[in-house]
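Chemist: Fold the following for me, if possible:
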Amino acid sequence: MAITDTQQAAQFAASAAVSAAEAKQYLLEAQQGYEDTSTASQDAKDAADSALLSKQSAETSEVNAQQAATEAKSARDEAVEAASGASDYARNKFTFYKTASDPDGTIAGLAATTDGQSFWVAQGPDALSAAWQYQNKGGVAVLQAKQPGTAAITGTVREFPSLAAAQADADAGNILNGGKCWVTSDADVTLADEYTNNSGTLVATGRKMPSAMPTGYQSATAVSSSAANTVAITIPGLLVDSSLIYFLSPILNTGAVSVTVTDAKGNTVNRIVLRGANAPLAGGELNVSHPVLCIYRGAPINNFMLVASGPMASEVAASLTAYKTTNDALTATLKNQVPIPVTVGSVADDIYTATSSITSGELQGGRLFLFTPPSANTTRTPKLKLNAWGAYDIRHINGGQVAAGDLASGRAHLLHWHAGANQFRVMTYADEREKIYGTVLRATMTSDASTPNDLSVTVDGYIGNGTLVVLEPPATNTGAVAITVVNRYGDKIVRSVFKGANSPLTGGEIKYAEPVFLMYRGAPQNNFKIISSGDLSTPVAKLQSDVETLKASFTDPYAKLAKKIIGDGTTANTGPFGSISFTNGVRTTVKRRLVFTSIGSSVGVGAGSSDGSKFAPNSLFVEAMKAQLAGYGNFEFINDNQCIPTQALQQFSAQLHNSPYFTSTNENDWPDFVLIIGGMNDAPVGNFNNGLTFPAQKGKLEALIDECKAKGAVVIVATSPHHNPLSPSVTAMDLGSLNVSWPVRTFNVDTNYTFDAAARTINGGAFSYGTDNAATSWGGQILQVGHTLRVLSGENAGDYTISAISADRNTITVAESFPASGLIKTTIRHIGLNSLREEILEPPPSRSFIERDWSGSRTKTVGAARFGMVNSMFRSVARDKAVFLMECEIPWFRDGVEAHGWAALFDGTNYNHPNDLGYTVSYKAGADAAAFSLCKLIYGEKYYLPS
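Modeler: Modelled structure (predicted):
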């Protein structure tokens, strides 16, 4: 059956509809997977082409098929749109970007693809790559390719406008390590600076692209001057720091000059011109048409420095000729004033035969000669025979005869030819400066109080035999003294200081800040000797104080106390009742104040007791005085306890000065009583046999009493309980490194020693020094082989065992080696003395603890001999100084040791601090007796014996 046009058109329309439907289906399939996209798109296009063919066929059909053609066109459009949508969807669906939670974009890509599929990640607008392609391999994003971006193209540039831009390109990886680039320079002298990538950081290589414009030496192309002392020049290049500018001066300057320079770029600077030492020109430095060379100095100096400016060689030669003429005239004028050396060939009968460089015609009045005699003149009429001329007298500058020996051998003398008298006259003497600067010198101390026995001074003069030196030491010496003196020329001598019949100092001879007068004695003595030491006003004042004390002892030393406690007998003085007044019916009473000051050691604060504030000796004494004065008036008792543990008598004066009452400027505030609690730290070996107890501590106690009496105080000296003689800590008597000083002195000397490291010997006269008195000898005679010496300072510091002693005892050989040789000033001490205790301690350990009747009760008990001696010294000083004695030793034995035994007086391992019972039987008993006797004296009993 034949197909009509209408049927064929309808068939084409149906076919187009089918094609459109297929395109839609392809679109759906494309949305299900990227791998089918291409096929779907192609099928859609084929369907579209088929629809178009159907449309064309339909157009040739009759009008009735028009509707079919229209439907076919619509189907084609839908198919094209579906194909385009499928392509865009596929492309967009598998492209991803970076986020904060997905920094490289692969998390989203892996989530949207299956194993084997690929996806893209956009890298951002400034990245060198536009996008990176990854493949999903088992859930892992594997980089497959990179698509170049804009930055990758621009990154190939190797010239940058700034260092920051170049560094950014290096950070992006576009300038490899070791690669180089150029950075545009802001300076006119260079176009660009080269940099290299050094492990990620761009570093300048130092190479630069130079500018074509000159910057160094330049000759001015134009020079002019429009005003005085000004110059304007033009240069062909650039003006930079250190540019060297040459021009011919258009002016003769009369003062400071400024130069205006215009460079090739039209830049202009105006700067002053300086000469040597940065001084402005003063006038005449620049001459018209003469060459000038100057260098430019940029910021911060900003000026020109004149390098050269001047005339031609002919002008210089003319100036030199004029100078030579003037110099020759000056030389001729000064010729007679230059000393001529004289060479002495022989000496006979005090005639010095010599030669010199002058002729007889040049021997004119005023001529000077430098004369060095090979031997001193022996008469008063020496002569000089010069150049075979006559022998002429050598006289004083005033024409008088010289003295024998004035012309010192080997010393240069200046002689003046006196033509009128035909004499040589001496203008200088060899020793005149020494005589002027070596007579009496005031020394300046350079050492300090830390080395009281090692003084160092400087003097503005010479030290010669007989030179007197005055100094004020920074501290009181404690033993033998050596002094180092440096003269005005830096010469140094180190010498010992002696007193009396060449005896070394032992301590206290030179006092802090008091003038010391020394005389230097040259060879063979080579030492200083004390002429005087101390302020003479001090002993005079002490003598006056002693006289006043003596006068007081004949009257009533307790008048001050009596006035407070009894009154002075006048109606206005209300005596013991204080100051009484009434105001508006109200009574006011100001009590009479009694100040009790105490100085001492640890027992002074009640150490070892259950309550130091209660058992301290001063507290016990105050309570005893309260009991004695109860009912006798209105009194305020001040307990001013200044005792400090561990201290001994030599430190008690400082305690006094800690008292606000003792140091008050108001005498009404001064202490009424001063209680001295010594002994506990003065009697043990450490002080006793170190020379501090005898004789030094006796003097310290006497000085303390005088110091307290000067304040009008009643002084009370307390004797001391003993340390426990049953304690091993007491009986051990361990000397450690103690240097024994009294009554036997062990070796402990600070002086110069000669060390020989190779021979291991130490040499010094100090080792053999002796006086046949163990207290004043230096202890070297005690030394034996096997004993130990300690070098306290210097390179050789350390302990050394004696292996041999020379026959003269000046040289000691030691077993150990030491590093340094030579003359060294140091202290050497004899240590390890425990094995020698029985020989060097007095009393020796075998007689240090003795059994005797200590209390007078006819009961023998063991006590410490040193404590007994110290307490006896306390009693003796108290008697000599007419002061009160608080007797604590006798009741300590009577009521304590005899009644209770030693163990009952101390707690635990304590051996030097009593317990409550110990304080009660000693210091309380003594305080009660002293208070009773003192009050009896104040109330009228003139003479008494303490209980």
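Chemist: Just list the residues touching the residue nearest to residue 117 when sequence neighbours are not counted, thanks.
Modeler: The spatially closest residue to residue 117, leaving aside those adjacent along the chain, is residue 136, at 5.4 Å (C-beta to C-beta, 6 or more residues apart in numbering). Every residue, glycine included, has its C-beta placed from N, CA and C. Counting by C-beta atoms under 8 Å, 6 or more residues apart in numbering, residue 136 touches 109-110, 113-119.
Chemist: The helix or strand where residue 136 lies: which residues count as buried?
Modeler: Here residue 136 sits within strand 129-137, counting by DSSP states H and E. Neighbour counts over strand 129-137 (16 or more other C-beta atoms under 10 Å) mark 129-136 as buried.
Chemist: For the residue lying closest to residue 816 once chain neighbours are set aside, grab the count of nearby residues.
Modeler: Computed as C-beta to C-beta, 6+ apart, the closest residue to residue 816 that is not its neighbour in sequence is residue 800, at 5.0 Å. A count of nearby residues for residue 800, using other C-beta atoms under 10 Å, gives 21.
Chemist: Residue 800 touches residue 791, doesn't it?
Modeler: Yes. Using C-beta atoms under 8 Å, residue 800 is in contact with residue 791, at 6.9 Å.
Chemist: ok so, going back, so the residue nearest to residue 117 bridges to which residues?
Modeler: Legend: beta-bridge partners of residue 136 under DSSP bridges are residue 141.
Chemist: Next one: it from residue 99, what distance?
Modeler: Remark: distance between residue 136 and residue 99 (C-beta to C-beta, to the nearest Å) = 19 Å.
Chemist: for residue 469, same thing?
Modeler: 94 Å.
Chemist: who has more neighbours, those two?
Modeler: residue 469 (21 against 11).
Chemist: Can you name the residues in contact with the helix or strand containing the more buried one?
Modeler: Per DSSP H and E, residue 469 falls inside strand 468-471. For strand 468-471, the external contacting residues (C-beta under 8 Å, 6+ apart) are 439-443, 445, 455, 457, 459, 463, 485, 515-520, 528, 531.
Chemist: This structure - how does it break down into domains?
Modeler: Domain assignment of the chain by automatic domain parsing yields the ranges 5-93, 96-151, 155-210, 217-314, 336-430, 434-535, 593-730+846-938, 734-835.
Chemist: and residue 577, which of the ones you listed is closest to it?
Modeler: The closest of those to residue 577 is domain 593-730+846-938. By C-beta to C-beta, the value is 5.3 Å.
Chemist: ok now the closest one, how far from the chain's centre?
Modeler: Relative to the centre of its chain, domain 593-730+846-938 is centred 45 Å away, using C-alpha atoms, centre = their mean, to the nearest Å.
Chemist: Give me the distance between the two termini of it.
Modeler: Criterion C-alpha to C-alpha, to the nearest Å; first-to-last residue distance in domain 593-730+846-938 is 16 Å.
Chemist: Likewise for stretch 572-586?
Modeler: Termini of stretch 572-586 sit 20 Å apart (C-alpha to C-alpha).
Chemist: Other residues contacting that stretch?
Modeler: 563-568, 587-592, 629, 632-635.
Chemist: The same query, at a cut-off of 10 Å, please.
Modeler: 562-569, 587-593, 629, 631-636 (C-beta atoms under 10 Å, 6 or more residues apart in numbering).
Chemist: Please list only the buried members of those residues.
Modeler: Buried members of the contacts of stretch 572-586, counted by 16+ other C-beta under 10 Å: 562, 564-567, 592, 629, 633, 635.
Chemist: Sitting in helices, which of those do you find?
Modeler: Using DSSP state H, the subset of those located in helices is 562, 564-565, 629.
Chemist: Tell me the one of these nearest residue 926?
Modeler: Set against residue 926, the nearest of these by C-beta to C-beta is residue 629 (18.1 Å).
Chemist: Spatially nearest residue to that closest one, not counting backbone neighbours?
Modeler: Spatially, and ignoring its direct neighbours in sequence, residue 629 is nearest to residue 635 (5.9 Å; C-beta to C-beta, 6+ apart).
Chemist: same deal with residue 440?
Modeler: Nearest non-adjacent residue to residue 440 (C-beta to C-beta, 6+ apart): residue 468, at 4.6 Å.
Chemist: Tell me if I'm right that residue 448 and residue 475 touch.
Modeler: Yes. The pair residue 448 / residue 475 is scored as a contact, 7.8 Å apart, by C-beta atoms under 10 Å.
Chemist: Span of stretch 803-822 from start to end?
Modeler: Taking C-alpha to C-alpha as the measure, stretch 803-822 stretches 20 Å from start to finish.
Chemist: if we look at it, which residues are touching it?
Modeler: The contact list for stretch 803-822 (C-beta under 10 Å, 6+ apart) reads 753-770, 780-781, 783-789, 791, 794-802, 828.
Chemist: which non-adjacent residue is nearest residue 590?
Modeler: residue 579 (4.2 Å).
Chemist: Near the one you found, how many other residues are there?
Modeler: Around residue 579 there are 12 other residues, counting by other C-beta under 10 Å.
Chemist: Might you list the low-confidence residue ranges for the stretch 151-300 of the chain?
Modeler: Scanning the stretch 151-300 of the chain for pLDDT under 70 picks out the ranges 151-157, 188-189, 212.
Chemist: That one: helices as residue ranges?
Modeler: Applying DSSP state H, counting those that start in this stretch to the stretch 151-300 of the chain gives helices spanning 163-171.
Chemist: and residue 442, what does it touch?
Modeler: Neighbours of residue 442 in contact, by C-beta under 10 Å, 6+ apart: 457, 459-461, 468-472, 515.
Chemist: Same check on residue 492?
Modeler: 456, 458, 463, 484-486.
Chemist: Need the residues you listed in JSON lines (columns: neighbour count, pLDDT and distance to residue 537).
Modeler: Below are the contacts of residue 492 laid out as JSON lines (neighbours: other C-beta atoms under 10 Å; pLDDT from 0 to 100; distance: C-beta to C-beta, whole Å):
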{"residue": "456", "neighbour count": "19", "pLDDT": "95", "distance to residue 537": "28"}
{"residue": "458", "neighbour count": "16", "pLDDT": "94", "distance to residue 537": "28"}
{"residue": "463", "neighbour count": "22", "pLDDT": "87", "distance to residue 537": "29"}
{"residue": "484", "neighbour count": "16", "pLDDT": "96", "distance to residue 537": "30"}
{"residue": "485", "neighbour count": "23", "pLDDT": "95", "distance to residue 537": "28"}
{"residue": "486", "neighbour count": "17", "pLDDT": "94", "distance to residue 537": "31"}
